[in-house]
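Q: Here's my sequence, what's the structure:
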Amino acid sequence: MADRLLVTYHALEPVRPLENSRAARLLPFLTWLPLVNRRTLRADAIAGLVGAVIVLPQGVAFATLAGLPPEYGLYAAMVPAIVAALFGSSFHLVSGPTNALSILLFAQLAPLAEPASAQYVQLALTVTFLTGAMQLALGLARLGMLVNFISHSVVIGFTAAAGLLIIASQLRNFFGVSIARGGTFFETLQAFILEIADGHLNWAVTLVALFTVGVAIISRRFYPKIPYMIVAVVAGSLFGAGLDYLLGSRLGSIPTLGALPGAFPPLSAPNLSLESIRQAVPIALGMTILGLTEALSIGRAIGVRSGQRIDGNQEFVGQGLSNLAGSFFSAYPSSGSFNRSGANYEAGAVTPLATVIASGMLIVFVLLVAPLAAHLPIAVMAGILFLIGYGLIDTHHFRQVARTSGREAAVMVATLLTGLFVDLEFAILTGVLFSLLMYLQRTSRPLVLDVKPDPAPGSYHYTADSGLPDCQQVKMLRINGSLYFGAVDHVAKEFQQIDPAQKHLVIVASGINFIDVAGAEMLLAESRRRRAEGGGLYFYRVKDEVRRLLERGGYLAHLGPENFFPVKHRVITALYPRLDNEICRHCKVRIFAECQDYLPNGQRREPEGNSRSG
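A: Down below sits the predicted model:
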């Protein structure tokens with residue numbers, strides 16, 4: 001796998017100048033099209049065949065779940081998948097019908113029209129068109145940066161939850177038990193346990209599924225050059241046929257895919273009347289958010305494994321165009337599929353051409369070999385999906401995150417549990433929200449260090465490790481973090497804990513990257529308080545961006561430009577004359593070079609007072 005990816009990205013070198021061109025931005029497939037050669041074409045063709053086989057039962061099942069005729073699930077995996085592959089950024093993301101979008105569409109449309117009716121189908125097409133338009137608008141508005149809020153820990157938790165949910169969703173097909181669709185992980189697991197306890201296990205189905213998994217594992221382990229998924233599907237189908245021939249239904253019947261409609265996706269047109277749009281807009285808004293969340297999350301999850309960086313804006317555009325096109329080719333809303341994307345990557349896909357090939361093969365299957373698909377045991381597909389789901393559970397990174405950061409581990413576990421026990425798509429929002437809360441909690445307490453001048457000769461630095469005691473009149477603090485509204489209270493409390501006798505405060509500001517109005521107001525209040533007490537507030541090494549904000553808001557003038565000292569300037573040299581002469585006269589600490597021989601008023605110290613302590 002690593003060799004495949006290395007070849008892919010080394011091959012990208014000659015076409016990199018095109019990536020930033022206008023043509024590449026408008027037609028992103030131009031960036032990977034030069035990669036296609038005899039080797040990649042073979043790999044993509046094999047992955048495409050796997051994808052076409054997998055989507056056959058899924059498309060039918062998802063369409064039924066959405067309240068649409070079975071063929072509409074297959075239509076959603078044809079033209080939309082091709083458009084998304086050509087105009088998206090991920091090399092391995094496969095779009096098409098999904099479980100979540102199917103459930104949401106049925107829940108929203110069922111109260112408005114009779115499922116599977118002509119009116120229902122028409123409304124679904126309108127929702128598809130509006131969903132695509134909204135997604136495209138978000139992409140053109142460059143809002144793909146939203147993907148940056150999905151952290152690595154969220155992706156790992158989400159991926160693991162998706163893998164477990166894939167396994168749970170296939171329990172009914174793997175063991176031949178009766179479990180209602182659409183339940184949470186816990187509900188599905190509970191129903192499965194009850195079915196097994198009641199003795200409803202179908203041994204024929206279970207044996208076919210286990211045989212398929214066994215063949216896949218052996219083929220992948222000992223014959224890695226042969227596509228193990230294809231080998232497993234063929235072997236599992238033959239085993240199921242042999243089992244049925246020898247034993248009949250004595251161990252239980254083996255359900256098969258059943259006959260599929262053999263027809264190319266017919267042209268269609270969404271109903272854009274005001275009444276239809278009024279009904280469809282709220283539904284389309286939910287489908288837009290859910291669809292983009294799915295696509296970006298899956299794209300990033302596969303990208304983490306493949307080493308590819310995903311362009312969120314381009315994915316938004318790709319998903320939008322795919323749904324717009326789908327509305328004119330009898331498709332309901334589609335998005336990235338974890339099942340098919342995972343299978344596409346595992347099957348060895350190198351470029352998005354694999355998805356194009358898969359869609360083309362699906363059309364061929366539907367047109368020519370649909371009757372043969374009727375003999376494909378559903379248990380065989382369940383076995384393949386079991387392996388895909390297991391492969392999505394990244395135990396290595398789970399352990400790594402747990403060892404590295406307790407905060408990140410909490411985000412990862414929260415995302416996983418939300419996906420399992422609440423909702424997979426809500427898991428992403430939970431993970432992002434949890435990550436932001438963790439970030440805000442961490443940044444709201446910037447590190448405030450007690451520092452002293454570096455005792456090394458000629459040094460301009462301030463250090464927390466000098467071992468020097470405090471000056472009686474001057475306090476020096478380094479702030480490492482941004483001074484924004486969330487951190488103001490913490491920093492203000494740190495200031496209040498300073499000894500009142502230390503009326504002069506020097507802030508080493510090299511660690512302050514950002515300041516907002518609340519932070520500026522807090523500094524101004526501190527400066528005024530210290531001036532009223534006869535002291536002052538001083539800044540060393542303020543960054544340009546921070547200084548510009550203070551200047552734009554008029555804060556710099558009130559704080560005093562003379563109190564800001566750039567790098568390699570002696571703050572204490574300018575500050576020393578402002579100190580209380582009598583306190584310095586009797587001070588035995590003398591941690592500054594300036595106070596060794598002279599008092600603040602310029603008077604030379606008496607000989608017995610020049611010993612430096614600390």
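
Q: wait, is residue 506 part of a strand?
A: Yes - inclusion of residue 506 in a strand is indicated when DSSP: H, G, I helix; E, B strand; the rest coil is applied.

Q: what about the strands in the chain?
A: For the chain, strands defined by DSSP state E occupy the ranges 95-96, 335-336, 447-450, 452-453, 462-463, 474-480, 504-508, 536-540, 564-565.

Q: for the first one, packing partners?
A: Secondary structure elements in contact with strand 95-96, counted by 3 or more CB pairs under 8 Å, 6 or more residues apart in numbering; DSSP states H and E, are helix 38-65, helix 79-87, helix 312-326. C-beta here means a position set from N, CA and C on the backbone, and glycine is covered the same way.

Q: lowest-confidence stretch among those?
A: The stretch with the lowest average pLDDT out of these is helix 38-65, scoring a mean of 86.

Q: In TSV, list the helices and strands packed on strand 95-96 along with distance to residue 538 and mean neighbour count.
A: Compiled in TSV, the helices and strands packed on strand 95-96 are given as follows (distance: least, CB to CB, whole Å; neighbours: other CB atoms under 10 Å):
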stretch	distance to residue 538	mean neighbour count
helix 38-65	63	22
helix 79-87	56	26
helix 312-326	43	26
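
Q: can you redo those as a markdown table with distance to residue 366?
A: Formatted as a markdown table, these follow (distance: least, CB to CB, whole Å):
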| stretch | distance to residue 366 |
| --- | --- |
| helix 38-65 | 8 |
| helix 79-87 | 13 |
| helix 312-326 | 16 |
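
Q: Would you mind saying which of those helices lies nearest residue 132?
A: For these, distance to residue 132 was read as CB to CB. The smallest value, 3.1 Å, belongs to helix 312-326.

Q: Residue 327 reaches residue 122, doesn't it?
A: No - the pair formed by residue 327 and residue 122 falls short of the contact definition of CB atoms under 8 Å, at 10.7 Å.

Q: More neighbours: which of those two?
A: When residue 327 is set against residue 122 and neighbours are counted by other CB atoms under 10 Å, the residue ahead is residue 327, at 26 against 17.

Q: how close does residue 601 get to residue 533?
A: The span separating residue 601 from residue 533 equals 20 Å under the rule CB to CB, to the nearest Å.

Q: what does residue 116 give?
A: 79 Å.

Q: go on, residue 94?
A: In this structure, residue 94 and residue 533 are separated by 68 Å, where distance is defined by CB to CB.

Q: same deal with residue 183?
A: On the measure of CB to CB, residue 183 and residue 533 end up 67 Å apart.

Q: Equivalent analysis for residue 566, please.
A: From residue 566 across to residue 533, the span is 27 Å (CB to CB).

Q: just residue 549 next, same as before
A: Taking CB to CB as the measure, residue 549 and residue 533 are separated by 27 Å.

Q: quick one, which of the two is more surrounded?
A: Neighbours around residue 549 and residue 533, counted as other CB under 10 Å, are more numerous at residue 549. The numbers are 18 against 12.

Q: Now do that one, the pLDDT please.
A: Looking at residue 549, the pLDDT reads 94.

Q: so who does the spatially most central residue of the chain touch?
A: Here the mean C-alpha position of the chain is nearest to the C-alpha of residue 150 (CA atoms, centre = their mean), at a distance of 3.1 Å. Contacts of residue 150 were listed using CB atoms under 8 Å, 6 or more residues apart in numbering, and they are 296-297, 300, 428, 431-432.

Q: Mind giving me the packing neighbours of the helix ranked longest in the chain?
A: For the chain, the helix that runs over the most residues, judged by DSSP state H, is helix 274-306. When contacts are defined as 3+ CB pairs under 8 Å, 6+ apart, helix 274-306 sits against helix 99-109, helix 118-140, helix 152-169, helix 312-326, strand 335-336, helix 338-346, helix 424-443.

Q: Same list (the ones you listed) but as TSV, adding distance to residue 89.
A: Compiled in TSV, these are given as follows (distance: least, CB to CB, whole Å):
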stretch	distance to residue 89
helix 99-109	21
helix 118-140	11
helix 152-169	16
helix 312-326	4
strand 335-336	12
helix 338-346	13
helix 424-443	18
